[in-house]
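Trainee: quick check, what structure comes out for this input:
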Amino acid sequence: MDSSHGKKRMNVEDDDRLSSLQDELIHKILSFIGIKHAIQTSVLSSRWRFIWTSMPYLNFSWDDFCKLPKFSEFVTRVLSGRNNQTEVSSVKLSNFRGKDGDVIAEQIMKYAFSHNIQQLDVACLPQNIVLTTSTWELPVLTTLYLDGVTLCCDEKTDKCIDFFSKCANLKNLTLKSCYTKGFKGLSICLPLLSNLTLEDGCGSVKVYNIVAPQLKNLNMSGVVTQDHQYLISAPDLVSLLYKGFYDLSLSTDDFPSLEKADICVSYPRDAHQALRLLQQLHNVKSLTLNLEIVELLNKSVDLMSYQPSPFVNLKSLKIHPVRELSKVREHNRGKMSAEVKSYLLDSSTGATLIMVSREDIRAIKDTKFAQEFVSELWELLEEEKAIREAKMTMHEQGRPHFSEHIYKCNNMCWEYTSVQVKEGKEKTSDIISMLQNIKGLLAKLPTSNQATIQPSFSTLCAEAAIVTHKITECIKMDCDENQRRLNVCLHELATTLQPSS
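Mentor: As a prediction, this is how the structure comes out:
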């Protein structure tokens, strides 16, 4: 059988097999390639011609178009060409730019809101898309992801504004790099909310009021101001993560179901507030704190004198640093006083303690740098080795690696060789310098970390010796070739004065 015919037949069979799938499965497959490419499949066959019109997944990105008018026209054609009876289960908007981008995004979202959207993912540039309090009425929405979106109140107010009160079925909410404008408080009161992420927020909001009886996971990170307050009612909370520059001001009745808490405060200042927070986390089983909090408590042991250890269920405690070794005063480095240790662990005698020192962090960092240097040097050696081997092969085959024109002029010939010598010297110096840098990093590492890199470093040194030898050999070949050409030239000069017979 002809192989090309067999291949064609196989492709037809594969196409038939894919076309025989139910529309729902085809829609799911097409959702991974975006709406523009999904529409392009309409030319495959009559089966595919209209299948995109009933897709419940709409994924729009400006990146697919070079000019705004084309993008705007495409969006209008898609929305008008869809089967209007088909609901929209998921919409993704990404990289919408400028005021005109706002108009297009608003057009898409209005369409989605009118078709019972369940999942909305908006990832744009900061302050690019503006959503007001009057925007939201999405009773079917279950997942909402907003990145780089401005949340704006219709009127300036000090009240806590609830953007999401009409999203009663919302279970997953992420607000990332969102800018708030015109109101000082944001309420998130959702009966079914399970996962909430507040990341890198900025703007007018200072108070977050969170009422979520089914909330399981709360992530608050990238907090860079010290006057944010969090009022939280979440009795089912299992996991809490906070990462910010300043102390966490938390108000809550209790977290009876809390199992894991990771608290990282880069510049803790208020020991009273730190202890208050630890008391609020008393049910936690796995606790991670940064070393800077411990160092603050070391200075305030008198505050713990009459307080029992709050952690009765603690199974593991991990302490890790945020700031580097060079940025911390010597007397504060990596210490935990007996009083602080007693406060954290006395009520859970079986809990494990893991202390990560700044020296450990530095060792990890230096190990990573050393491994990156090793990889970088391996690439350099492989590249240089290939170049030198190619030159040597050309020479062995009697094909000079620089032109006859250069050979005909001795000055140019020596200038070329001089350039090769200079480049060879620079390459060799670079190789030696990188090896010295790696050795310097290895010398700073603990013995166990050295042992992981030393074998590859030794192999690297051996390979460097081979490559530098090849560089030297190529330079020697250039010099030998020059000498050969000079000998020919001198012989021709000597024979021109001999009398003819």
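Trainee: where does pLDDT dip in the stretch 1-150 of the chain?
Mentor: 1-17, 97-99, 125-129, 133-135 (pLDDT under 70).
Trainee: how does it look with 80?
Mentor: With pLDDT under 80 as the threshold, the stretch 1-150 of the chain has low-confidence stretches at 1-20, 31, 33-34, 61-68, 95-102, 106, 124-137.
Trainee: and the helices in it?
Mentor: Defined through DSSP state H, counting those that start in this stretch, the helices belonging to the stretch 1-150 of the chain, from first to last, are 3-19, 23-30, 34-40, 68-81, 98-113.
Trainee: the chain too?
Mentor: Assigned helices in the chain, in chain order: 3-19, 23-30, 34-40, 68-81, 98-113, 271-280, 291-298, 338-345, 358-396, 404-407, 410-444, 447-495 (criterion: DSSP state H).
Trainee: so for S54, which of those sits nearest?
Mentor: Taking C-beta to C-beta, helix 23-30 is the member of those nearest to S54, at 6.5 Å. Yep, even glycine has a C-beta here, placed from its N, CA and C like the rest.
Trainee: quick one: low-confidence parts of the stretch 201-350 of the chain?
Mentor: Residues of the stretch 201-350 of the chain meeting the criterion pLDDT under 80: 223-226, 306, 324-335.
Trainee: repeat that with 70
Mentor: Across the stretch 201-350 of the chain, the stretches falling below the confidence threshold (pLDDT under 70) are 325-334.
Trainee: now the strands for it?
Mentor: Per DSSP state E, counting those that start in this stretch, the stretch 201-350 of the chain has strands spanning 202-203, 207-211, 217-223, 229-233, 239-244, 249-252, 260-265, 286-290, 316-320. These are given in chain order.
Trainee: for R484, which of those strands is the nearest?
Mentor: Comparison of the strands of the stretch 201-350 of the chain against R484 by C-beta to C-beta identifies strand 316-320 as nearest, at 66.0 Å.
Trainee: possible to save the strands of the stretch 201-350 of the chain as CSV with distance to G185 and mean neighbour count?
Mentor: CSV is the format used below for the strands of the stretch 201-350 of the chain (distance: least, C-beta to C-beta, whole Å; neighbours: other C-beta atoms under 10 Å):
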stretch, distance to G185, mean neighbour count
strand 202-203, 12, 16
strand 207-211, 4, 19
strand 217-223, 16, 19
strand 229-233, 9, 17
strand 239-244, 18, 20
strand 249-252, 13, 16
strand 260-265, 23, 21
strand 286-290, 28, 20
strand 316-320, 33, 18
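Trainee: let me have those strands in TSV, extended by distance to A386.
Mentor: Listed next are the strands of the stretch 201-350 of the chain as TSV, based on distance: least, C-beta to C-beta, whole Å:
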stretch	distance to A386
strand 202-203	50
strand 207-211	58
strand 217-223	45
strand 229-233	58
strand 239-244	46
strand 249-252	59
strand 260-265	47
strand 286-290	47
strand 316-320	44
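Trainee: rewinding a little: and of the helices of the chain, who's closest to K184?
Mentor: Checking the helices of the chain against K184 by C-beta to C-beta gives helix 271-280 as the closest, at 20.8 Å.
Trainee: what angle separates that closest one from strand 260-265?
Mentor: Helix 271-280 runs at 170 degrees relative to strand 260-265, counting by axes from the mean of the first three to the mean of the last three C-alpha atoms, to 10 degrees.
Trainee: taking helix 338-345 as reference, get the angle to helix 271-280.
Mentor: Orientation note: helix 271-280 sits at an angle of 30 degrees relative to helix 338-345 (the same axes, to 10 degrees).
Trainee: which ones are touching I210?
Mentor: In this structure, I210 makes contact with 187-189, 196, 218, 230-234, judged by C-beta atoms under 8 Å, 6 or more residues apart in numbering.
Trainee: please name the bridge partners of it.
Mentor: Legend: beta-bridge partners of I210 under DSSP bridges are I188, I232.
Trainee: relative to T180, how far out is it?
Mentor: For I210, the distance to T180 (C-beta to C-beta, to the nearest Å) stands at 15 Å.
Trainee: one more: I466?
Mentor: Plainly put, I466 is 61 Å away from T180 if you go by C-beta to C-beta.
Trainee: check M336 too.
Mentor: Noted for M336: a distance of 38 Å to T180, by C-beta to C-beta.
Trainee: then H27?
Mentor: For H27, the distance to T180 under the criterion C-beta to C-beta works out to 36 Å.
Trainee: again, but for D346
Mentor: D346 sits 42 Å away from T180 when distances are taken as C-beta to C-beta.
Trainee: mind checking which of those two has more residues around it?
Mentor: Higher neighbour count among D346 and T180: T180, with 22 against 12, using other C-beta atoms under 10 Å.
Trainee: pull the contacting residues for that one.
Mentor: By C-beta under 8 Å, 6+ apart, T180 lies in contact with 150-152, 186, 201-205.
Trainee: one more pass at 7 Å, please.
Mentor: If a contact means C-beta atoms under 7 Å, 6 or more residues apart in numbering, then T180 has 151, 186, 201, 203-205 as its contacts.
Trainee: put together CSV for those, with distance to Q436 on each row.
Mentor: CSV is the format used below for those (distance: C-beta to C-beta, whole Å):
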residue, distance to Q436
L151, 54
L186, 55
G201, 46
G203, 50
S204, 54
V205, 52
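Trainee: closest one of the residues you listed to L435?
Mentor: Out of these, the one with the shortest distance to L435 is G201. That distance is 46.8 Å, counting by C-beta to C-beta.
Trainee: phi first, then psi, for that closest one.
Mentor: The main-chain torsion angles of G201 are listed as degrees, to the nearest 10 and equal phi -80, psi 150.
Trainee: who touches it in this structure?
Mentor: With the criterion set at C-beta under 7 Å, 6+ apart, G201 makes contact with 175, 178, 180.
Trainee: now do the same for the closest residue in space to D162 that isn't next to it in sequence: its pLDDT.
Mentor: Using C-beta to C-beta, 6 or more residues apart in numbering and skipping residues adjacent in sequence, the residue nearest D162 is S187, 3.9 Å away. Residue-level confidence at S187 comes out at 93, pLDDT.
Trainee: how many residues are close by S187?
Mentor: When neighbours are defined as other C-beta under 10 Å, S187 has 19 of them.
Trainee: confidence score at L173?
Mentor: Among the per-residue scores, L173 holds a pLDDT of 96.
Trainee: same check on E372?
Mentor: What the model reports as pLDDT for E372 is 91.
Trainee: contact partners for A338?
Mentor: A338 sits next to no residue when contact means C-beta under 7 Å, 6+ apart.
Trainee: one more: F369?
Mentor: When contacts are counted by C-beta under 7 Å, 6+ apart, F369 touches L441.
Trainee: from R323, how far out is it?
Mentor: According to C-beta to C-beta, F369 and R323 sit 18 Å apart.
Trainee: got it, and G440?
Mentor: Applying C-beta to C-beta, the value for G440 to R323 is 24 Å.
Trainee: so those two - more neighbours on which side?
Mentor: More crowded of G440 and R323, by other C-beta under 10 Å: R323, with 16 against 12.
Trainee: surely the more buried one and L291 touch.
Mentor: No. Because the distance of 8.3 Å does not satisfy C-beta atoms under 7 Å, R323 is recorded as not touching L291.
Trainee: what's opposite the residue lying closest to S204 once chain neighbours are set aside in the beta bridge?
Mentor: Computed as C-beta to C-beta, 6+ apart, the closest residue to S204 that is not its neighbour in sequence is T180, at 5.1 Å. Going by DSSP bridges, T180 is paired in beta bridges with L151, G203.
Trainee: once you drop chain neighbours, what's closest to I293?
Mentor: The shortest distance from I293 to any residue that is not its chain neighbour, by C-beta to C-beta, 6+ apart, is 5.1 Å, and that residue is P268.
Trainee: does the one you found touch L296 like I think?
Mentor: Yes. Applying C-beta under 7 Å as the test, P268 and L296 come out as touching, 4.7 Å apart.
Trainee: okay then, goodbye and thanks.
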